[in-house]
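Student: What shape does this take:
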Amino acid sequence: MPKILVVDDCTEVLEVLNDFLSLRGYEVILARNGKIGLEKYRNERPELAIIDVEMPVMDGYQLSKEIKNDNPQFPILIITAMIKKYPKSYFSDVGVNNVLFKPISFDTLNAELDKIFT
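Tutor: Reported below is the predicted structural model:
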């Protein structure tokens, strides 16, 4: 199964996504901020990143840009609770696959995973 990098500064979100993705058979790599996420992306070579927007050290927008600079085809899902501050159009220049709003619907996440990995 593919490796998925999950980057979020909220421990609860990391735990929930780790449990959900692990139960689906994915190998999960966790990072608490964008800088650590970028290091793990470069060292562990996941097949997908799920990235929160507002984080310390390096935010999700900058992390997405760094990853896309390395590999423009790499799939990224953005997650955010700030629907008004970060609409989907905010990320159009970065080329992310989709923006999912918290609380995350597992049905929606499953659909996105299926689109990316099938």
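
Student: Need the per-residue pLDDT for the closest residue in space to Val7 that isn't next to it in sequence.
Tutor: Distances taken as C-beta to C-beta, 6 or more residues apart in numbering place Gly37 nearest to Val7, at 3.6 Å, with adjacent residues excluded. No exception for glycine: its C-beta is placed from N, CA and C like everyone else's. The per-residue pLDDT reported for Gly37 equals 98.

Student: Just list what the helix or strand bottoming out on mean pLDDT in the chain packs against, helices and strands only.
Tutor: Across the helices and strands of the chain, mean confidence by mean pLDDT, DSSP states H and E is lowest for strand 98-101: a mean of 90. Other helices and strands packing on strand 98-101, by 3 or more C-beta pairs under 8 Å, 6 or more residues apart in numbering; DSSP states H and E, are strand 76-80, helix 106-117.

Student: so the residue nearest the centre of the chain, which of the three states?
Tutor: The chain has Ile50 as the residue nearest its centroid, 1.2 Å off, counting by C-alpha atoms, centre = their mean. Put simply, Ile50 is strand when judged by DSSP: H, G, I helix; E, B strand; the rest coil.

Student: Show the contacting residues for Ile36.
Tutor: 7, 57 (C-beta atoms under 8 Å, 6 or more residues apart in numbering).

Student: Relative to its centre, which residue of this protein is most distant?
Tutor: Farthest-out residue of the chain from its mean C-alpha position, per C-alpha atoms, centre = their mean: Lys84, at 19.0 Å.

Student: just to revisit the earlier point, and the least confident helix or strand of the chain, which residues are buried?
Tutor: Residues 98-101 are the ones in strand 98-101 that count as buried (16 or more other C-beta atoms under 10 Å).

Student: quick one: which of these is nearest Asn71?
Tutor: Set against Asn71, the nearest of the buried residues of strand 98-101 by C-beta to C-beta is Asn98 (17.4 Å).
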